[in-house]
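1. I need the structure of the sequence given here:
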Amino acid sequence: MSILVCGSVAYDSIMVFQDRFKNHILPEQIHILNVSFLVPDLRREFGGCAGNIAYGLKLLGADPLVVATVGEDAGPYRARFEALGLRQDYVREVPGTFTAQAFITTDLDDNQITAFHPGAMFHSHLNDVREARGAKLAIVSPDGADGMLRHAAGFAEAGVPFVFDPGQALPILGSEALLNCLQQARYCTVNDYEARLMCDKTGRSEAELAREVEALVVTLGAEGARIHCRGELFTVPAVTADALVDPTGCGDAYRAGLLYGLAAGWDVRKCARLAAVMGAIKIAHRGGQNYRPARAEIAARFEQAFGEQAW
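-> The predicted model follows:
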């Protein structure tokens, strides 16, 4: 019984500009903007929501199955999946495309300029989740808009409970599409900004949106999470991290913990506690897939933070 993880698989090229953008962008000249930044520091990371979530689930001992589209340059990512023991049954290569990739330039003030090329991600609708037999749980995370809508409808038709995680795709999903996905889902998770955006786009309050699902999890960064579950509203605190190094992929690590608990039949409060542990471990490492805790370490952090055993 697998957890299906639908979403993007991407390369992240992260560059550091050893100065400040504001020193090179003249406000009175932005109508003819033409700037070039020397970036001596460059690293390439494996990323994308589906890749990051599946990575976290594998650390927890789950058996995730990635549902994604990649381009002709996916060889290194496929090799990584193989090394991690992640099955690729539903990782579809789209001829004539590149794998989705983000080019991120950060300055000394931690300002970022990002260019994102969706590439094969725009063809995610080519995958049909109804073909994946024996799925216990699924997540529809940021991807091509058509793919997200098709996956949500496919899971609803197949009777597979899923988490709706609109994330960065919120701006490209219309209000009707958002509501349809929410009504088809069993759970939904967003951060506090995304929750406000969903409310604005649908014209409904957070409480009203929460009534469409069994649980709505709204993450609040260092403040933990606000959770609506079956008419009850409660909070789960964040877990203190060893260091605050890089928030990239923290939301995906959080979702891995949430999915693991839900698939194991835990109550939502305990699921959110494991999610908080995963987010805290991840934020102490750069990139979305460079944290490597043993399962026993995750359990120890959980018990230390919440005074109960994880498993």
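
2. what helices or strands is the least confident helix or strand in the chain by mean pLDDT leaning on?
-> Lowest on mean pLDDT, DSSP states H and E among the helices and strands of the chain sits strand 112-117, with a mean of 90. Judged by 3 or more C-beta pairs under 8 Å, 6 or more residues apart in numbering; DSSP states H and E, strand 112-117 is in contact with strand 100-106. In short, each C-beta sits where N, CA and C put it, glycine included.

3. Just the helices from the stretch 51-200 of the chain, written as ranges.
-> For the stretch 51-200 of the chain, the helices defined by DSSP state H, counting those that start in this stretch occupy 75-84, 145-158, 175-184, 192-202.

4. nearest to Gln309, of those?
-> When the helices of the stretch 51-200 of the chain are compared by C-beta to C-beta, helix 75-84 sits nearest Gln309, at 26.4 Å.

5. does Ala310 really touch Phe302, like I thought?
-> Yes: when contacts are counted by C-beta atoms under 8 Å, Ala310 is listed as touching Phe302 (4.0 Å).

6. hmm, back to that, buried stuff in the least confident helix or strand of the chain?
-> Neighbour-count burial for strand 112-117 flags His117 (criterion: 16 or more other C-beta atoms under 10 Å).

7. That strand pairs with which strands, parallel or anti?
-> Partner strands for strand 112-117, per DSSP bridges, with pairing direction: strand 100-106 (antiparallel).

8. How about residues contacting the partner strand?
-> Strand 100-106 is contacted from outside by 8-17, 37, 39, 47-48, 71, 112-121, using C-beta atoms under 8 Å, 6 or more residues apart in numbering.

9. buried ones in it?
-> When burial is assessed from 16+ other C-beta under 10 Å, strand 100-106 yields the following buried residues: Ala100, Gln101, Ala102, Ile104, Thr105, Thr106.

10. Dump the C-alpha coordinates for that strand into CSV.
-> Extracted C-alpha coordinates of strand 100-106, given in CSV (Å, rounded to 0.1, in the frame of the first residue of the first chain):
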residue,chain,number,x,y,z
ALA,A,100,11.4,21.9,-14.2
GLN,A,101,14.1,24.1,-12.8
ALA,A,102,14.5,27.1,-10.6
PHE,A,103,17.4,29.6,-10.9
ILE,A,104,17.7,31.4,-7.6
THR,A,105,20.1,34.3,-7.0
THR,A,106,20.5,35.5,-3.4
